[in-house]
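Participant: Make a model of this:
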Amino acid sequence: MLENKADIHIHTTYSDGLMTPEAVVEYAATETQLSAIAITDHDTIAGAVAARRYWQCNQRDLSHLDIIIGSEITSRDGDIVGLFLKEDVPAGLSAAETVRAIHAQSGLAIAVHPYSFLLPTIVKGVGGHIHAVDFDGLETRNGTPTEFLSNYFTQRINRRRGLPEVGGSDAHYLPTVGRTYTLFPGRTGADLRHALERGEVKAGGQVYSWLTLVQVAALSVLGYTATAEPSRVRSLV
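Facilitator: Okay, here's the model as predicted:
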């Protein structure tokens, strides 16, 4: 039985997101039905570490949410999310080398937006490498509107590959956190890990609107950042 939701693809100000890690934790805990999140900033676990530190300092209010240390790693073959990481994985390795580096620290490797094609210079997936590399999961539902068709294509391709299918918002803006998610049995990050390893996960949620994407671009130009002030977080909903 798939009981809970996790958003395992979120960016913060530690890379190109418009919200601090603390704001993401507050928002996920108070404004969504997520039970676990992974902060996956580009080529660094620092944002995830900051989120987990904030979560640990506010356990009384945030204990119903779990935080997973992650990163979206820029391999030379395409982007790969590492989950349950202990240290940074270098950018620029091949897809196979990146996955081996993730596994070497007992992490799990997810091929995210693998067949992205609308913005190839910005959003790059590993494409056909999913058939040759030992990935632990495949993002068949990415929340970015540019991925609407590639999500469908990835799911069809995976009928042959058979990897566990996950969803992630790829959020860079608070209101998109949790719009797309992974369903799994259990509640914690450890439960999600076990579900991924057993293939007991399912991609869920919706792609957000193009209007939201335009809004994100405009706010980025204006230098907007959401902080963990509760009133500020709620005002964005």
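Participant: Packing partners of the longest strand along the chain?
Facilitator: Counting by DSSP state E, the longest strand found in the chain is strand 66-75. Contact analysis of strand 66-75 by 3 or more CB pairs under 8 Å, 6 or more residues apart in numbering; DSSP states H and E lists strand 4-10, strand 34-39, helix 46-57, strand 78-83, helix 95-104, helix 189-198 as its packing neighbours. C-beta coordinates here come from the backbone N, C-alpha and C atoms, glycine included.
Participant: in it, what counts as buried?
Facilitator: Buried residues in strand 66-75, counted by 16 or more other CB atoms under 10 Å: 66-75.
Participant: What about Leu196, how many residues nearby?
Facilitator: 23 (other CB atoms under 10 Å).
Participant: repeat for Leu119
Facilitator: 12.
Participant: shouldn't it be in contact with Glu147?
Facilitator: No: counting by CB atoms under 8 Å, Leu119 sits too far from Glu147 to count as a contact (9.3 Å).
Participant: what's the neighbour count on Gly137?
Facilitator: Applying other CB under 10 Å, we find 24 residues neighbouring Gly137.
Participant: follow-up on the earlier one: could you redo the buried residues of strand 66-75 as CSV and give each row distance to Gly143?
Facilitator: CSV is the format used below for the buried residues of strand 66-75 (distance: CB to CB, whole Å):
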residue, distance to Gly143
Asp66, 20
Ile67, 19
Ile68, 17
Ile69, 21
Gly70, 16
Ser71, 18
Glu72, 14
Ile73, 19
Thr74, 20
Ser75, 22
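Participant: okay if I get the residues you listed as a markdown table plus pLDDT and distance to Thr30?
Facilitator: Below are the buried residues of strand 66-75 laid out as a markdown table (pLDDT from 0 to 100; distance: CB to CB, whole Å):
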| residue | pLDDT | distance to Thr30 |
| --- | --- | --- |
| Asp66 | 98 | 15 |
| Ile67 | 98 | 15 |
| Ile68 | 98 | 19 |
| Ile69 | 98 | 22 |
| Gly70 | 98 | 21 |
| Ser71 | 98 | 25 |
| Glu72 | 98 | 25 |
| Ile73 | 98 | 30 |
| Thr74 | 98 | 32 |
| Ser75 | 98 | 35 |
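Participant: Nothing else from me, thank you.
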